[in-house]
Structure formats: C-alpha cells, structure tokens
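Chemist: Pasting the sequence and the predicted model now:
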Amino acid sequence: ATMPPLLSAIANAGRHGVLVKSAVVMERLAQVDIVALDKTGTLTEGTPRVTDVRPLPGSGLEREPDEDGLLALAAAAEHPSEHPLARALLEAARERGLTLSAAEDFTSMPGVGVTAVVDGRVVVVGAPERLLGGAGVPTDSATRLLIEEVEASGRTAVLVVADNVPVGVLGLADRLRPGAADTVAALTELTGTAPVLLTGDNPRAAARLAAEVGIEDVRAGLLPQQKLDTVREWEAAGRRVMVVGDGVNDAPALAASHTGVAMGRAGSDLALETADAVIVRDELATVPAVIALSRRAGRLVA
Ligand code: ADP
Ligand code: MG
C-alpha cells in the first residue's frame with residue numbers, strides 16, 4: 001500500500017532529522033509566514049565559554065571573592081541548572097580545578113537566572129538588568145561600568161550577587177551555529193518575511209549576533225512572558241508564526257505559536273515536550289527544509 005502524502009512527508013522529515021509530531025503539524029508547517037528565532041542555543045551552539053571573571057572590589061563582604069572564589073560561588077549556585085550559561089560556568093570551574101560547595105534551596109527563574117544558598121549566603125546569578133535596581137540590589141557605577149565593558153564586546157554579562165551585594169561579573173561568549181546566515185536567508189525567501197530575533201539576552205550581544213546572520217528585527221531583553229506576548233500579537237494580526245527555540249524560557253512562546261520547533265540536542269525537556277516538531281540533529285538548515293517539504297506534501301494532498 002502507498003502511504004498518504006502527509007505521512008510519507010513525516011517519514012521524509014524524519015530522514016532529514018526533524019521529528020514532526022503529527023499530520024496536523026505537517027500541514028501547519030506549510031502555512032508559516034514569519035519565523036521567530038531564539039538566540040542562545042538556537043542561532044548559537046548553546047555551548048558558551050566563560051571569557052571574563054571579574055570580581056568587584058569593595059563588596060564589603062567578610063570574604064571578598066577573588067577570581068576563583070567568584071567563579072566557584074556562581075558555579076555552585078548554578079549546579080542544579082540545565083541552562084547553557086550554567087553549564088558553561090560549571091565547565092570553567094572544572095577546568096580551574098575548583099571545589100564547589102553544595103547549593104541549597106535552588107530556584108530557577110527562566111529568562112532571569114538562578115538563586116541558591118551557598119555556604120550560608122544567598123547567591124543570585126543572572127541577567128544584570130533584571131537583578132539590579134528593581135529587585136532591590138543596589139546599583140553602583142563600578143558595577144554598571146564593568147557590565148557595560150563586558151557587554152560592549154557582544155558578550156553576555158552575568159551578575160553575581162551575594163547577600164544582596166554585587167560581588168562580580170562573568171562574561172560568556174557563544175559561537176554561531178554553522179549555516180545560521182544561510183538559514184536566515186532561506187527562511188526569508190520561503191516566507192517572504194525576514195526572521196525576527198527574540199532573546200532574553202542583552203541588546204548589545206543580540207545586535208552583534210543579528211548583524212552577523214543578517215537579521216534586522218531584534219527584540220532583546222525579553223522575559224518568557226514577553227516572548228509569548230510578541231507571538232500572540234503577531235498571531236492576533238493574522239500572522240502564522242513559527243517559533244524556533246531551545247529553552248524553558250521559550251516554552252510559552254512555542255506553545256502559543258502556529259508551529260513551535262525545538263532544537264533537540266541542546267533543548268530543555270520542557271521545550272521538547274511543548275514543541276510541535278523537534279530538530280533532532282540540531283542542524284538549523286533543516287528548519288527551512290521541513291517547511292519546503294510540508295509545502296510539497298500539501299500540493300500532493302490538494
Ligand atoms: P535566550 O532567550 O537568549 O535563550 P534566556 O531567556 O535563557 O536567553 O536568558 C536570558 C538572560 O537571562 C541570559 O542572557 C542571562 O543573562 C540570564 N539568565 C537566564 N538563565 C540564567 C542562568 N541559569 N544563569 C545565569 N544567567 C541566566
Ligand atoms: Mg535559548
């Protein structure tokens with residue numbers, strides 16, 4: 001017996017490395033007219049490296065951390081986290097042969113960072129813009145300057161706070177996935193609209209990366225809820241949005257989109273469960289490929 005076109009398209013997508021979860025999804029893929037790409041772990045490989053370890057002097061703490069102390073404190077707090085930045089901090093601590101204290105009362109705040117009690121101190125590690133000011137951590141110019149210095153080069157700055165005092169800044173850099181620029185170009189041609197970058201990272205790092213891949217529309221500093229709101233707005237305006245993401249922070253947007261696509265290898269469990277399709281081998285080029293495939297299948301069905 002011959003397979004119905006949609007099912008054979010699903011099998012075909014599988015051979016291309018995309019797990020399409022249903023025939024309905026296969027049909028929806030053909031209708032996508034705008035693609036929103038996440039940055040960390042989607043356009044980038046999601047294996048950032050620590051580039052800067054910068055303790056802040058004058059924190060007034062009894063045990064003011066040096067470089068190794070700062071990294072050890074942050075890595076200990078991040079130990080239970082599955083975020084790519086957390087894994088990078090743990091890897092850097094391992095390379096330096098640092099011994100990590102246990103983390104207690106760990107909480108993850110998607111799109112913001114983590115908090116845990118380490119050596120009796122409440123440690124927060126996360127996005128500087130989110131932790132400073134509003135949350136009650138005092139802002140001083142030395143901290144601000146250090147953050148700007150790290151972010152100016154397009155890196156991601158992460159602030160480390162101990163007992164409500166900023167104790168240092170860590171810089172992280174990630175590599176673009178191979179073929180990212182080609183994928184952006186292919187998606188523009190297929191959908192008639194240039195893809196948009198949705199990221200929780202800082203505007204400087206986002207703009208630098210967007211320029212490298214040819215994306216002009218950049219929405220940075222977004223919380224998970226704001227990624228969701230952006231997708232909802234487009235959907236309400238009649239667009240059919242594909243969201244491509246990997247993180248817990250992308251899950252609400254993946255769920256609300258016309259078709260949600262998760263990066264399989266780097267992806268968090270929540271993203272994989274929420275998505276309609278999974279890029280199994282983490283090759284970005286399969287995103288435009290599966291849209292093209294679904295359109296061919298659609299023509300066969302019609
Ligand atoms: P993206 O949208 O680029 O995938 P996220 O929404 O996961 O990024 O994170 C946005 C920002 O929040 C990061 O750039 C970082 O500053 C901060 N952040 C999120 N999770 C963590 C974490 N586990 N440790 C440190 N910082 C974090
Ligand atoms: Mg991500």
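Modeler: Cool, the structure landed. Quick caveat, the model's predicted, so the values are computed rather than measured. Ligands and ions are numbered 1, 2, ... in the order given.
Chemist: so which strand or helix has V24?
Modeler: Assessed by DSSP states H and E, V24 sits inside helix 23-31.
Chemist: could you point out which element follows that helix?
Modeler: From helix 23-31, the next helix or strand downstream (DSSP H and E) is strand 34-38.
Chemist: helices or strands next to that next one in the packing?
Modeler: If contacts are counted by 3 or more Cβ pairs under 8 Å, 6 or more residues apart in numbering; DSSP states H and E, strand 34-38 sits against helix 180-191, strand 196-198, helix 224-236, strand 241-245. C-betas here are computed from N, CA, C, even on glycine.
Chemist: returning to that earlier point: residues making contact with the helix holding V24?
Modeler: Contacts with helix 23-31, where a contact means Cβ atoms under 8 Å, 6 or more residues apart in numbering, come from 6-7, 9-10, 13, 20, 240, 242, 258-259, 276-277, 290-291, 293-295, 297-298, 301.
Chemist: circling back: how about CSV for the helices and strands packed on strand 34-38, with mean neighbour count added?
Modeler: Shown next, in CSV, are the helices and strands packed on strand 34-38 (neighbours: other Cβ atoms under 10 Å):
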stretch, mean neighbour count
helix 180-191, 18
strand 196-198, 23
helix 224-236, 17
strand 241-245, 29
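Chemist: Nearest residue to whichever residue of the stretch 151-300 of the chain sits closest to ligand 1 in space, please, no chain neighbours.
Modeler: Relative to ligand 1, the nearest point of the stretch 151-300 of the chain is G200 (2.4 Å; Cβ to the nearest ligand atom). Closest residue to G200 apart from its sequence neighbours, by Cβ to Cβ, 6 or more residues apart in numbering: G111 at 4.3 Å.
Chemist: Just give me the neighbour total for the one you found.
Modeler: Neighbour count of G111, defined by other Cβ atoms under 10 Å: 21.
Chemist: again with G69
Modeler: Neighbour tally, G69, other Cβ under 10 Å: 16.
Chemist: Where does pLDDT dip in the protein?
Modeler: Residue ranges of the chain with pLDDT under 70: 1, 58-63, 134-136, 300-302.
Chemist: which stretches of it form strands?
Modeler: 18-20, 34-38, 49-55, 103-109, 113-118, 121-126, 156-162, 165-173, 196-198, 218-219, 241-245, 259-263, 277-279 (DSSP state E).
Chemist: Run through the residues of the chain sitting next to ligand 2.
Modeler: By Cβ under 5 Å from the ion, the residues of the chain that approach ligand 2 are D38, T40, G41, D246, G247.
Chemist: Next, give phi and psi for the fourth one.
Modeler: D246 adopts backbone torsions of phi -130, psi -20, taken as degrees, to the nearest 10.
Chemist: how close does the spatially closest residue to it that is not a sequence neighbour get to ligand 1?
Modeler: The shortest distance from D246 to any non-neighbouring residue, by Cβ to Cβ, 6+ apart, is to G41 (3.7 Å). According to Cβ to the nearest ligand atom, to the nearest Å, G41 and ligand 1 sit 6 Å apart.
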